[in-house]
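Visitor: how would this look folded up:
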Amino acid sequence: MAGGFSAGGLITDIDTGSLIAQLMQIERQPILRMQRRIAALEEQRDAIKDLRTQLLSLRSKVQDFRFGIDFNQFQIDTSDVAIATSAASGSNPTSGAFSINVTRLASATVATSGGSIGASINPAVAFATSGVNHEVTSGTFSVNGTQFDFSASSLNDALAAINGAGIGVSGTYDAVSGKVTMTNTAPGDTSIINFGATGDTSNFLDLINVENTTQFTNGGGTTEVISSVGIGSINQGRILNQQSYSAGVIGGGNFLINGVSITVDPAVDGLSDVIERINTSDAGVTASYDPTTDGLRVVSDNLGSRSISFANGTSNFLDVFKLTSAVQANMKKGAGLIDECVGLMTVLRDTWEDVFQQVAEDEVLPPEKPVINPHGSSVLNIKG
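Guide: Got it, this is the predicted structure:
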């Protein structure tokens, strides 16, 4: 009862109050464990609620991907897929219709020899030893039906025979150009000069390059024909050191095109061998021999205004073939009209390759380069 007197341990000397408190604490242990368990379960419940919320948000975003909501906000199409194709990308491209007119594509840089490669011949000595770089076949040849003997003749001898034959044709040799000119001698005579006949055994007419060359009416009103190429032009199938060059003798070694080393051995290689070596290298060019100019033609494999680098190594091949002084023509640049195309393309570069590397901030163009064909027009429609 209230205010009662406790005599615990007074007689027995045992602290019964402490003992009872400890007994009660032991009795409360199951309740405490249950309370801790309830607290842990409540924490798990709250975590599950948070996870559920996040999963619901993820499901919503996945559905957006599934139905293309994010991807199909903008669409792009073209009026003529044969001219241009493209695709929209980015989050906020500019909507509208944009016209593209492609009038031409860029072409590659071309380097050509700075002059004829072959040396001028000596017209006063036997043709076979005159310095001509092609094989000489002795025998006969015909002009306007008259046959001439070319067995041991020099070029001067052969032309003198034609001029004195009374066939109405005269021939002259120009030592500067290395070409022969044949002309009808009668004023106003525009008849064709007939070269060759059945039974001819010499290749003289082929060597002077007139037989299959276009004939024309000159300023004097008569028919004339000029060698298509100098008589001293080189033979690309013949060993290099067996030919005569206007710039001197070729030395063996290497030369460089666009920094790539090309080897040449004039005692073994013909020009065709060197050309093949250039074309299969990593120099990024394609070389060929042009018989009409007696020169090399080197074309860049890349479009646009890109110079081709030529440098001598241990060989003077480039000097002899006049490529260190080559005329480099930066061919046609790409051209086109892009009307009201803000955000689509900002600069029309030399090549379409460069154009598609110049992507506006709005990223209308995709990483994959669209297709644009030359000589046509198309309209790109971007719809939001």
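Visitor: what secondary structure does residue 122 sit in?
Guide: Counting by DSSP: H, G, I helix; E, B strand; the rest coil, the backbone at residue 122 sits in coil.
Visitor: contacting residues around it?
Guide: Applying CB atoms under 8 Å, 6 or more residues apart in numbering to residue 122 gives the contacts 130, 131. Glycine gets a C-beta too; all of them are placed from N, C-alpha and C.
Visitor: pLDDT at it, what is it?
Guide: On the pLDDT scale, residue 122 is placed at 94.
Visitor: quick one: residue 190 from residue 145, how far?
Guide: Distance, residue 190 to residue 145, by CB to CB, to the nearest Å: 18 Å.
Visitor: do the same with residue 120
Guide: Residue 120 sits 31 Å away from residue 145, taking CB to CB as the criterion.
Visitor: give me the more crowded residue out of these two.
Guide: Each of residue 120 and residue 145 has its neighbours counted (other CB atoms under 10 Å); residue 120 has more, 19 against 8.
Visitor: wait, the more buried one sits on residue 294?
Guide: No: with contact defined as CB atoms under 8 Å, residue 120 does not count as touching residue 294 (11.2 Å).
Visitor: find residues that contact each of those two.
Guide: In contact with both residue 120 and residue 294: 230, 232, using CB under 8 Å, 6+ apart.
Visitor: so, low pLDDT: which residues of the stretch 1-150 of the chain?
Guide: By pLDDT under 70, the weakly predicted segments of the stretch 1-150 of the chain are 1-13, 64-75, 82-84, 86-94, 99-106.
Visitor: quick one, helices of it?
Guide: Assigned by DSSP state H, counting those that start in this stretch, the stretch 1-150 of the chain shows helices spanning 16-66.
Visitor: now do stretch 31-41: distance to the chain's middle.
Guide: 77 Å (CA atoms, centre = their mean, to the nearest Å).
Visitor: ugh, typo on my part, it should be stretch 203-219
Guide: Worked out by CA atoms, centre = their mean, stretch 203-219 lies 37 Å from the chain centre.
Visitor: quick one: terminal-to-terminal distance for it?
Guide: Start-to-end span of stretch 203-219 (CA to CA, to the nearest Å) is 30 Å.
Visitor: check contacts around residue 131.
Guide: Taking CB under 8 Å, 6+ apart, one finds 119, 120, 121, 122, 232, 244 in contact with residue 131.
Visitor: is there a neighbour count for the last one? I'd like the number.
Guide: Yep, that's residue 244 we're talking about. Count around residue 244 with other CB under 10 Å applied: 18.
Visitor: next, find the distance separating residue 58 from residue 152.
Guide: Using CB to CB, residue 58 is found at 98 Å from residue 152.
Visitor: actually residue 95, not the one I wrote
Guide: 85 Å.
Visitor: quick one, which of the two is more surrounded?
Guide: Using other CB under 10 Å, the more surrounded residue of residue 95 and residue 152 is residue 95, with 14 against 10.
Visitor: does the nearest residue to residue 275 once chain neighbours are set aside count as helix, strand or coil?
Guide: Of all residues not flanking residue 275 in the chain, residue 287 sits nearest, at 4.9 Å (CB to CB, 6 or more residues apart in numbering). Counting by three-state DSSP, the backbone at residue 287 sits in strand.
Visitor: surely residue 287 meets residue 295?
Guide: No: using CB under 8 Å, residue 287 makes no contact with residue 295, being 10.9 Å away.
Visitor: who's more crowded, the two?
Guide: Taking neighbours as other CB under 10 Å, residue 287 and residue 295 compare with residue 295 leading, 25 against 22.
Visitor: so the more buried one sits against residue 116, correct?
Guide: Yes: taking contacts as CB under 8 Å, residue 295 lies within contact range of residue 116: 6.6 Å.
Visitor: look up the closest residue to residue 136, ignoring the ones flanking it.
Guide: In space, and not counting its chain neighbours, residue 136 is closest to residue 128: 4.4 Å by CB to CB, 6+ apart.
Visitor: roughly how far apart are that neighbour and residue 230?
Guide: Distance, residue 128 to residue 230, using CB to CB: 18 Å.
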